[in-house]
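**Q** Fold the following and give me the result.
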Amino acid sequence: MCGQERTALRVLVVDDNQFVTQSLFSLLRSEGFDPIVFQSAQPALEFIRGNCPDIALIDLHLPDLSGLELSRELRQTHGDGLPIIIFSGDSSLETLKALSGVGATFFMAKPVNAPHLMECIKQWTGPAKVPPT
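**A** Predicted coordinates for the structure are as follows:
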């Protein structure tokens, strides 16, 4: 967790589709996570240079930079312990082969199955820490 103690696990979400980002934000928040959402790669890159997410969910095709490049930067910046889930409607063999080269932990085809996504997130991070009320 990059040495910072937080009450909720921070999930970086990068997808250019506003419906997807809003849906993931709501889902993650309802499960006790702290989602940090971007709709393009450059602002996400700026964020990760000074902050450490606990897990990243990245769309493959972004308007300004490939999700593969963003994943590579995340891996270089935050090491091998950060789980990175790439999701896309593009499940071509070429895409799947490229994932290991950028350090992606897992690939999930779109449309994303919410229960399966939450199962994967909890597998890599453990349950969310719900702040006391």
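
**Q** Any idea how many residues pack against residue 103?
**A** The number of residues packed near residue 103 is 18, by other C-beta atoms under 10 Å. All C-beta spots, glycine's among them, are computed from the backbone N, C-alpha and C.

**Q** helices and strands around the helix or strand of the chain with the lowest mean pLDDT, which ones?
**A** One helix or strand of the chain scores below all others by mean pLDDT, DSSP states H and E: helix 93-101, with a mean of 79. If you count contacts as 3 or more C-beta pairs under 8 Å, 6 or more residues apart in numbering; DSSP states H and E, helix 93-101 packs onto helix 67-78, strand 106-109.

**Q** out of those, deepest packed?
**A** helix 67-78 (a mean of 20; mean count of other C-beta atoms under 10 Å).

**Q** Please state the mean pLDDT value computed over it.
**A** Helix 67-78 comes out with an average pLDDT of 92.

**Q** immediately after that helix, which helix or strand?
**A** Using DSSP states H and E, the helix or strand that follows helix 67-78 in sequence is strand 84-88.

**Q** low pLDDT regions in the protein?
**A** Along the chain, the parts satisfying pLDDT under 70 run over 1-6, 127-133.

**Q** Was I right to think residue 31 contacts residue 118?
**A** Yes - counting by C-beta atoms under 8 Å, residue 31 touches residue 118, with 6.0 Å between them.

**Q** Please say which of these two ends up with more neighbours.
**A** Between residue 31 and residue 118, counting by other C-beta under 10 Å, residue 31 is the more crowded of the two (19 against 16).
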